[in-house]
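*Asks:* Provided below for reference: sequence and predicted model.
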Amino acid sequence: MIVTEKNADLELMKNAYGLLYEIENSLRSYIHRKMEDYYGIHWYEVAPRKEYNRPPSRTFDSLNFSDYSSYFAIYPKAFKKIPRKFLTLLHQLYPIRNKIAHNHLLTHKEFGLLEENVAFLVNFMQSNL
């Protein structure tokens, strides 16, 4: 089979979407686990009331990718060991995530950054549960 440029682009974006899926689900699980460890099983109701005296504004499952990183700033007691590098690499993924979500082709440089950042972030989260 001859690999055309279109086929190569399709494979690149399929792989990119897979990495995006992995990081988003890993983040969701990591945040859920850390918040539950610190605030208890009903953390989603307890944490905002305890820290800010208000109910949660949305359900956790309805949050966007960029909302997840806000947890590290809003609830620092639950995420004491998050290094600055983690947050930097996570923020570098925002424009790449948006390109993937809106079906824009990534450059090879962007794809490489996605691979590297996801590998570091997922490894960190798995090592720090």
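*Replies:* Received, thanks. Numbering: from 1, shown residues only.
*Asks:* So, low pLDDT: which residues of the chain?
*Replies:* 1-3 (pLDDT under 70).
*Asks:* repeat that for 90
*Replies:* 1-6, 44-46, 48-70, 81, 129 (pLDDT under 90).
*Asks:* Do a quick rundown of the helices in it.
*Replies:* 5-39, 43-52, 65-74, 84-101, 108-127 (DSSP state H).
*Asks:* I'd like to know which of the ones you listed lies nearest to T59.
*Replies:* Comparison of the helices of the chain against T59 by Cβ to Cβ identifies helix 43-52 as nearest, at 7.7 Å. To be clear about C-beta, it is placed using only N, CA and C from the backbone, and glycine gets the same treatment.
*Asks:* Convert the C-alpha atoms of the closest one to CSV, please.
*Replies:* In CSV, the C-alpha atoms belonging to helix 43-52 read as follows (Å, rounded to 0.1, in the frame of the first residue of the first chain):
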residue,chain,number,x,y,z
TRP,A,43,-15.3,15.7,47.8
TYR,A,44,-17.1,17.4,44.9
GLU,A,45,-19.7,18.8,47.3
VAL,A,46,-17.4,19.2,50.3
ALA,A,47,-14.4,20.9,48.8
PRO,A,48,-16.0,24.1,47.4
ARG,A,49,-18.1,24.5,50.5
LYS,A,50,-15.1,24.0,52.8
GLU,A,51,-12.7,26.2,50.9
TYR,A,52,-15.0,28.8,49.4
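*Asks:* what residues does that helix touch?
*Replies:* Helix 43-52 has contacts (Cβ atoms under 8 Å, 6 or more residues apart in numbering) with 32, 35-36, 38-40, 54-57, 59-60, 74-75, 78.
*Asks:* Okay, buried residues for it please.
*Replies:* Neighbour counts over helix 43-52 (16 or more other Cβ atoms under 10 Å) mark W43, Y44, V46, A47, P48 as buried.
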